[in-house]
Each structure stands twice: as C-alpha cells, then as structure tokens.
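J.: What follows is a predicted protein model with its sequence.
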Amino acid sequence: MTQSQDQLALVKERIARAANKAGRKQIEVTLIAVSKTFEAEDIIPILDAGHRVFGENRVQEAQKKWPELRQKYQGIELHLIGPLQSNKVSEAVQLFDVIQTVDRPKLVAALAKEIKTQAASTKLLVQVNTGRESQKAGVLPEELGQIMDLCREQLASHMQGFMCIPPVEDEPRPHFRMLKDMAQTYQLPMVSMGMSSDFETAIEEGATCVRVGSAIFGTRPKIIAG
Ligand SMILES: *Cc1c(COP(=O)(O)O)cnc(C)c1O
C-alpha cells in the first residue's frame, strides 16, 4: 500500500468509528476525497484502492485532471466544493455530479438554464456562511429563505441540501448543528460538513458527506489551501 492508501483506510476506519459512536451507519456518511492541488499521479492510488468520490475547488483545475481519469475509471462522482463564477457554469455542469457552492440568485438562474440545456442530473447544495465571515462565500443564514424560494421555483428536484465551512478559529460543533437544523427544516437529505480536522464531530452532528483532503493526500502548498 502507498502512504495515501494507508491514510485513506485510516480515515474510513475513523468514519466508521464516529458513525458507530453516534448510533449511525457508516453508509450514511459519504467520504469525499478532496484532491485539489494534487496531480493525477497522486489521485491514481486512491482510485486503485477503489475510492470513487472526489472533491475539487476549481473548475479549471478539475478540467485538466478528471476527463482523462474518468475514461480509465468507472463510476467516478465529482463534487465542486469551491466558489463557482457565472461564466464557468456550463463547464461546471458538464464536469461535476454535485455542485456544493450555490450561494446567490444569479448563480441559481444560470444553473437552472444550463442544467436544462444539458438535461443534466446535477445535484446542488446551497453553501451557508454560518460564521457570517465577510471574506467567505455562502449565503447568510437570514438570506436562506429567499434563495431557497428561488431554488424551489427554478431547480426543484436538483436541490439536495447544504454545505458549510465553519470559521477556523471557532468551535465547529454549533455551526454543524445549525446546518443540520436547516436541512431538517427544508427536509433535504444532504449535509456536507467536516474536514480533516473535524470530520468526526461533523458525523456526530449528522453530516452525510465529509470533505477530507490533507488527512488522505498529505499537506498542500499553503498558498492554494482553502
Ligand atoms: C480544501 C477543502 C477541504 C479539505 O480540507 P482538509 O483540511 O485538507 O481536509 C474541505 N472543504 C473545502 C470547501 C475545501 O476547500
């Protein structure tokens, strides 16, 4: 086994243990292996280990790596977990199975149009800025009702849930709890929360997807992190 394959196995074990501790089943939690900044040669061992669900934060970077990997490996599911610019919507709908960063009315409209044009089955999550950080993407909690109205009108069956990235300096648990409550309020199945440093807490609080990068692939160059 390569080092990253070992680390993948370890992360899966930790997910199983956290799920078990929370009285949940392991299959209720999807592990998204976040491969941003890593090259195809780093991703291949994880694919060879049988893993198929990956996250990327930039459309252009993902376009360089994934079409080729998709030809070699069946059943890949790709998640966009970084901000989406309106002029990249067409490429994003082509490439990604799940877009987790819906965060403004203009993007809702652009996605609705493009998903219809491509007859795509893209799943969508609204990113919520639970920590109300001015530099961070995502809708503010009090704006959620408004964007959900638009989503329901324009994207009904595609809207699957919520995603958050708590402020690094905060205890993450209250943020996770807030996101889970929102999913319950809107009766949506997907709750994407928890990263390398806090995915066990997220699982205790009801995460259905955890996004884990460095605990699998190792540390990233600092400038591109986040
Ligand atoms: C990079 C990134 C992750 C993974 O972070 P790690 O700390 O390396 O696990 C998760 N979610 C988002 C949105 C990211 O950009």
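T.: Looks like it came in fine.
J.: which residues of the chain fall in helices?
T.: Read by DSSP state H, the chain holds these helices, from start to end of the chain: 3-21, 40-48, 59-72, 89-95, 105-118, 144-155, 173-185, 199-204, 214-217.
J.: Who is residue 31 paired with across the strands?
T.: Taking DSSP bridges, one finds residue 210 as the beta-bridge partners of residue 31.
J.: now the helices of the chain as JSON lines including distance to residue 164?
T.: The way it works is simple: take the backbone N, C-alpha and C, and place the C-beta from them, glycine included. Conversion of the helices of the chain to JSON lines gives the following (distance: least, Cβ to Cβ, whole Å):
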{"stretch": "helix 3-21", "distance to residue 164": "18"}
{"stretch": "helix 40-48", "distance to residue 164": "25"}
{"stretch": "helix 59-72", "distance to residue 164": "21"}
{"stretch": "helix 89-95", "distance to residue 164": "20"}
{"stretch": "helix 105-118", "distance to residue 164": "17"}
{"stretch": "helix 144-155", "distance to residue 164": "11"}
{"stretch": "helix 173-185", "distance to residue 164": "5"}
{"stretch": "helix 199-204", "distance to residue 164": "10"}
{"stretch": "helix 214-217", "distance to residue 164": "19"}
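J.: most packed of the ones you listed?
T.: Comparing the helices of the chain by mean neighbour count (mean count of other Cβ atoms under 10 Å), helix 199-204 comes out on top with a mean of 22.
J.: Can you name every helix or strand that that one contacts?
T.: Secondary structure elements in contact with helix 199-204, counted by 3 or more Cβ pairs under 8 Å, 6 or more residues apart in numbering; DSSP states H and E, are helix 3-21, helix 173-185, strand 209-212.
J.: want to throw these into TSV with mean pLDDT and distance to residue 131?
T.: As requested, the helices and strands packed on helix 199-204 are exported to TSV (pLDDT from 0 to 100; distance: least, Cβ to Cβ, whole Å):
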stretch	mean pLDDT	distance to residue 131
helix 3-21	98	23
helix 173-185	98	6
strand 209-212	98	16
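J.: how about the residues of this protein near the ligand?
T.: 34, 36, 57, 81-82, 165, 195-197, 211-215, 226 (Cβ under 6 Å from any ligand atom).
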